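J.: Quick one, fold the following:
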Amino acid sequence: MSSNLQLIQSKIYEIRGQKVMLDRDLAELYGVETRTLNQAVKRNKERFPIDFMFQLTSDELEIWKSQIVMSNSIKMGVRRNPYAFTELGVAMLSSVLNSPVAIQINMGIMRAFVAMRRMVTSSPIEEVTELRAEVEGLKAYMEEVFADYNDINEDTRMQLELIHQTLAELQTGNRNLPRPKVGYVK
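T.: Below is the predicted model:
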């Protein structure tokens, strides 16, 4: 499942400051032609306002093509500016493309959007806390396994010293992290 999640995440782009998926990538995931997907959307245009879907401008298309190193747009199937679907638009696609495959793929796409949002919103303080807990767990395990510090080889002794050093750096480094603001933030 994580390989599917990674595949889907690789097809999520940031355009106009929003995380979006392009019609061609969605059509590929759903197992339909891009033209079929776009026809279904056009038949249900009222379900796709501007915050659900928009068409890329020529400049945006050129930037996108340069990001994915696409040299021949005709060969790659890009004959017109693609449509970009926001997370809301992708959710709406499941009602337009009402098939068991579309529903399953849609759930995977929603999970990918949520996972990406979690990565972006996780605070450095939480990450340091998790890292500290993992290092402390490793330290406790190694100290338990090698209870007599004198009877271990030089490599293990060095590893223990590095763990102690990392914990010390995490203790002092945590004070330099920005604190989350309290109260209403615009």
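J.: Low-confidence bits of this structure, can you list those?
T.: Within the chain, the segments meeting pLDDT under 70 span 1-3, 67-78, 98, 120-124, 126-127, 142-143, 145-160, 170-186.
J.: Strands along that one, start to end?
T.: Per DSSP state E, the chain carries strands over the ranges 12-15, 18-22, 53-55, 83-86.
J.: Ile125 is nearest to which of those strands?
T.: When those are compared for distance to Ile125 using Cβ to Cβ, the nearest one is strand 18-22, at 24.0 Å. Glycine gets a C-beta too; all of them are placed from N, C-alpha and C.
J.: neighbouring contacts of the closest one?
T.: 11-14, 56, 64, 82-87, 89-90, 109, 113, 116-117 (Cβ atoms under 8 Å, 6 or more residues apart in numbering).
J.: Also stretch 108-120?
T.: In this structure, residues lying in contact with stretch 108-120 by Cβ under 8 Å, 6+ apart are Asn4, Leu5, Ile8, Gln9, Ile12, Lys19, Met21, Leu26, Leu29, Glu87, Val90, Ala91.
J.: can you tell me which residues contact Glu136?
T.: Leu167.
J.: what about it, distance to Thr166?
T.: Noted for Glu136: a distance of 10 Å to Thr166, by Cβ to Cβ, to the nearest Å.
J.: How about Ile109?
T.: Look at Ile109 and Thr166: by Cβ to Cβ, they are 38 Å apart.
J.: Those two: which is more packed in?
T.: Neighbours per residue (other Cβ atoms under 10 Å) separate Ile109 from Thr166, with Ile109 holding more: 27 against 17.
J.: still on that earlier bit, so which of the strands of the chain is the most surrounded?
T.: Of the strands of the chain, the one with the most neighbours on average (mean count of other Cβ atoms under 10 Å) is strand 83-86, at a mean of 23.
J.: And the helices in the protein?
T.: According to DSSP state H, the chain carries its helices in the segments 2-9, 23-30, 34-43, 58-67, 87-96, 100-121, 124-145, 154-173.
J.: Nearest to Pro49 among those helices would be which one?
T.: Closest of those to Pro49 is helix 87-96, at 8.8 Å (criterion: Cβ to Cβ).
J.: And that closest one, what does it pack against?
T.: Using 3 or more Cβ pairs under 8 Å, 6 or more residues apart in numbering; DSSP states H and E, the elements in contact with helix 87-96 are strand 18-22, helix 23-30, helix 34-43, helix 100-121.
J.: Neighbouring strands of the first one in the sheet, and parallel or not?
T.: On the basis of DSSP bridges, the sheet neighbours of strand 18-22 come out as strand 12-15 (antiparallel), strand 83-86 (antiparallel).
J.: Show me what the first one is in contact with.
T.: Think strand 12-15. Against strand 12-15 from outside (Cβ under 8 Å, 6+ apart): Lys19, Val20, Met21, Leu22, Leu56, Glu60, Trp64, Gln67, Ala84, Ala112, Phe113, Met116.
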